[in-house]
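**Q** attaching a predicted model along with its sequence, questions to come.
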Amino acid sequence: MKKHIAKAMALLMALTMVLLVSGCSRSYPTKNVTAPDTDGWKTNYTWVFCHGLSGWGSYDDQYERLPYWGMFNGNALLALNDMGFDCYAASVDPQGSAWDRACELYAQLTGTRVDYGKVHSEKHVHQRYGEDFTGRALIKKWSAEDKINLVGHSFGGATTRLLIELMTNGSEEEMAATKKDDISPLFTGGKGDWIYSVTSLAAPHNGTTAYNTPEGFDESLTAWQKLNAKMLGRFTSGAAGDAGYPRTADDYAHHDLQIDYALELNETIGTYDNLWYFSVPCNATVKQEDGTWFPDKKLMETTMINGGIKMGKTVGKTKGGFEFDKKWLPNDGLVNTISATAPFNAPSKLFDPAKSKLAAVKPGVWNVFPTYIGDHMSVSGGLTHRNDVLPLYLSFMNTVNQLDPDALGKGKNTNTPNWLADLNLKPVEDKDAA
């Protein structure tokens, strides 16, 4: 299994910690940002942000020194709170599977001990129970009346989607094998209406071809870029399969991020008409005359360029038989742009908040924002390429708060059956959007 993503993210985070010596202001600059008109809001539910692979949140010490949401710009969530929102940053396993991370997110939201499930923990050979968040819940209250909005960056997308699925339908396996007085409420379902919306930022809904590109350096790399790529392996001692991480290899993010397994996971996750769905795909590559896509070095972190080059020219077929063609070439350095639009088995449509009417937003449908021009970390604030994320966050958060909750359905699953037989890997323009 290739570990391109894990290596790149590990180096990026190591670089981040080194750069901390330059200092980070926790006060996010907002003088150039227009505060939202709260008079137009129909709801103002709590916002919970879930980080991606190798990320961190407010339960982690480094969050005080360098907030994941905002990075070197400062704490974007505090700035949003000053504007009238109610935002929190979750902390889940940086390398864990979508299942394990969803269980951890649930425990933090409810202020309970992490329960990975009797069946799951036995199958994947690890402890059933994890950290105890009793008395230190991430948020004050959570129920059908006190809903939350979920935001997931990168692998936080799969994490939040799986949480929604478990909250909605639970787990038949866990319910069948666990006594009623012993099972976590997460696995019993019936709580899908506790979540109002989910927004995914640069999330590999359908996996990434980073695991399908050739090993080694691309021939076009400079000596400095090769040095950066060489350094990647020095920061991967905690990668999946190493001693000290006692669980099966398919219980890690590296498994769920591969296309075949991401599509398999999608088959277990519904899309429901009692929720609002949004996604923001990213692209930091430019189309070349030969049809390949090459990184824009002004946008992409140096550590991502090698992967971005290879992803921008690799087409082929996965071991499971899925063909990824030229539509998969544009990428943000770690995730293919097309994969970040929406799960392929779910309905999707384009939505531009700057041009579209609010009525164009549909529940139970992935409303795909215009492609964000930036690399994978740009929507978190960037690292060596700093990026002001507040305008982006305000665009989807203000949109969600203005939506009419009465327009939501009763929880019908809108996924497309037999979707592989009729692939259309691009959101269609909605006639009502203009």
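**A** All right, it came through fine. Numbering: from 1, shown residues only.

**Q** what about the helices in the stretch 151-300 of the chain?
**A** All helices of the stretch 151-300 of the chain, identified by DSSP state H, counting those that start in this stretch, fall at 156-169, 172-177, 223-231, 253-256, 259-266.

**Q** reformat the ones you listed as JSON lines; add mean pLDDT and distance to Ser27.
**A** For glycine as for every other residue, the C-beta is placed from the backbone atoms N, C-alpha and C. Formatted as JSON lines, those follow (pLDDT from 0 to 100; distance: least, C-beta to C-beta, whole Å):
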{"stretch": "helix 156-169", "mean pLDDT": "99", "distance to Ser27": "25"}
{"stretch": "helix 172-177", "mean pLDDT": "98", "distance to Ser27": "44"}
{"stretch": "helix 223-231", "mean pLDDT": "48", "distance to Ser27": "31"}
{"stretch": "helix 253-256", "mean pLDDT": "95", "distance to Ser27": "32"}
{"stretch": "helix 259-266", "mean pLDDT": "96", "distance to Ser27": "38"}
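
**Q** give me whichever of those helices is most buried.
**A** helix 156-169 (a mean of 26; mean count of other C-beta atoms under 10 Å).

**Q** quick one: low-confidence ranges for the stretch 201-350 of the chain?
**A** Judged against pLDDT under 70, the low-scoring parts of the stretch 201-350 of the chain cover residues 215-245.

**Q** want to throw the helices of the stretch 151-300 of the chain into a markdown table with distance to Lys123?
**A** Shown next, in a markdown table, are these (distance: least, C-beta to C-beta, whole Å):
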| stretch | distance to Lys123 |
| --- | --- |
| helix 156-169 | 16 |
| helix 172-177 | 9 |
| helix 223-231 | 36 |
| helix 253-256 | 13 |
| helix 259-266 | 15 |
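
**Q** of all the ones you listed, which one is nearest Ser279?
**A** Smallest distance to Ser279 across these (C-beta to C-beta): 7.8 Å, for helix 156-169.

**Q** quick one, that closest one and helix 259-266 angle?
**A** If you take axes from the mean of the first three to the mean of the last three C-alpha atoms, to 10 degrees, helix 156-169 sits at 30 degrees to helix 259-266.

**Q** now for helix 156-169, which elements pack on it?
**A** Applying 3 or more C-beta pairs under 8 Å, 6 or more residues apart in numbering; DSSP states H and E, we find helix 156-169 packed against strand 46-50, helix 98-110, strand 148-153, strand 195-201, helix 259-266.

**Q** dump those to JSON lines, plus distance to Ser58.
**A** Formatted as JSON lines, the helices and strands packed on helix 156-169 follow (distance: least, C-beta to C-beta, whole Å):
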{"stretch": "strand 46-50", "distance to Ser58": "9"}
{"stretch": "helix 98-110", "distance to Ser58": "9"}
{"stretch": "strand 148-153", "distance to Ser58": "14"}
{"stretch": "strand 195-201", "distance to Ser58": "18"}
{"stretch": "helix 259-266", "distance to Ser58": "27"}
